[in-house]
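> Just need the structure, nothing else, for what follows:
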Amino acid sequence: MAGRPGPSSEESAGALGRAGEAGGQAKSSQKIEDLMEMVKKLQKAGSLEPKVEVLINRINEVQQAKKKASEELGEARTVWETLQKELDSFPYGVHMTWPFYLCPNLMILRLHCQEKESEAQRKQTMLQECKERISALNSQIEEEKNKQRKLRLDFEEQLEDLMGQHKDLWEFHKPEQLALEIDALDSNKEQLLKEEKLVEAKLEDVKHRLCSQFGAKGCSTITEGLFLRSQEAAAVVHLFEEENRKAQELLGAAAQRQEQLQQKCQQLQQKKQRWAQGPSLQSSLGR
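Predicted structure coming up:
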């Protein structure tokens, strides 16, 4: 029995040596805590997108550390089970003679296994929290992208509207366009004057023919005489009405054209005012 304790002491010493390696696991725990701190800082800072790859790398490191810790935990359990079997195989009297160097080692191994299990569980919990945080951050990034895209589209629409207003104002204020509008108005005015003179000339001609036919005295009584019932009078009235109708149509068309031009001028003035306010709107959107 004096020769048996030697191997058990060596295995216990080896187990204690591996327990000393547990201090290295504190580094992986520190990495997880650093990862959580970095996620919190990213949430406060708002710049999330460029750090996703860094978070993924940190998670991979944590997973590797967890795997290594699991392997060490398995080794510690194996050693503990081996020592427990050896202890159970000894007689009761031998048990009572080894409490000073074997039982403390078993307690250390048991505590070491419990610590490993707790550490692995804590790392698993922190890893799951990190994954949930990353998923939430990705959702926030996508939402922010959608908002920026919508703002960009709204700005482009407003910019196109301002450019269209500017183009309309430019077209209206071009000297060539103004000259064409003035020429059209002058042409309509001259046409109306010609029509009016033509009607007056025809009326004078009819008047002269009537006076030459009935004499000077007959001219004063043509409204009450046979002339009112003659074909010539009917032709004159019809001609006068026709010319008057044409003149009224031309006058109406000219008035309508003038009204349209006035409305267009007012619209262009309003567009010019909005265009003048456009740079302030664009600068506010830029901010």
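> CA atoms for contacts and neighbours, from now on please.
Noted.
> what sits against Q177?
E171 (CA atoms under 8 Å, 6 or more residues apart in numbering).
> Now name the helix or strand holding it.
Assigned by DSSP states H and E, Q177 falls within helix 175-220.
> Just checking, which helix or strand succeeds that helix along the chain?
Criterion used, DSSP H and E; the element after helix 175-220 is helix 231-286.
> between the helix holding Q177 and helix 231-286, how big is the angle?
Counting by axes from the mean of the first three to the mean of the last three CA atoms, to 10 degrees, helix 175-220 points 160 degrees away from the direction of helix 231-286.
> so where is the stretch 51-200 of the chain shaky, pLDDT-wise?
The stretch 51-200 of the chain contains residues with pLDDT under 70 at 51-53, 55, 87, 89-106, 172-173.
> List the contacts of stretch 190-205.
240, 243-244, 247, 250-251.
> List buried members of those residues by neighbour count.
240, 243, 247, 250 (16 or more other CA atoms under 10 Å).
> which of those sit farthest apart?
F240 and L250 (15.2 Å; CA to CA).
> Could you report the separation of W80 from E119?
Distance, W80 to E119, using CA to CA, to the nearest Å: 18 Å.
> and whatever helix or strand M126 lives in, what does it pack onto?
Using DSSP H and E, M126 maps to helix 103-172. Applying 3 or more CA pairs under 8 Å, 6 or more residues apart in numbering; DSSP states H and E, one finds that helix 103-172 contacts helix 5-20, helix 25-45, helix 52-89, helix 231-286.
> quick one, the last one and helix 103-172 angle?
What that stands for is helix 231-286. 150 degrees.
> Could you list every helix and strand in contact with helix 231-286?
Short answer (3+ CA pairs under 8 Å, 6+ apart): helix 231-286 packs on helix 103-172, helix 175-220.
> Could you identify which of these is most buried?
Most buried of those by mean neighbour count (mean count of other CA atoms under 10 Å) is helix 103-172; its value is a mean of 15.
> what's the neighbour count on T78?
Neighbour count for T78, taken as other CA atoms under 10 Å: 13.
> Please report how far it lies from E115.
15 Å.
> what do you get for Q256?
96 Å.
> With M107 instead?
12 Å.
> Could you do K147 as well?
48 Å.
> What of E72?
12 Å.
> Mutual contacts of the two, please.
Between them, E72 and E115 share no contacting residue, judged by CA under 8 Å, 6+ apart.
> one step back: CSV for the contacts of stretch 190-205, including distance to I134 and pLDDT?
Output for the contacts of stretch 190-205, formatted as CSV (distance: CA to CA, whole Å; pLDDT from 0 to 100):
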residue, distance to I134, pLDDT
F240, 91, 76
E243, 87, 79
N244, 86, 78
A247, 82, 78
L250, 77, 80
L251, 77, 80
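> Name the nearest of the buried ones among the contacts of stretch 190-205 relative to T125.
Nearest member of these to T125, counting by CA to CA, is L250, at 90.1 Å.
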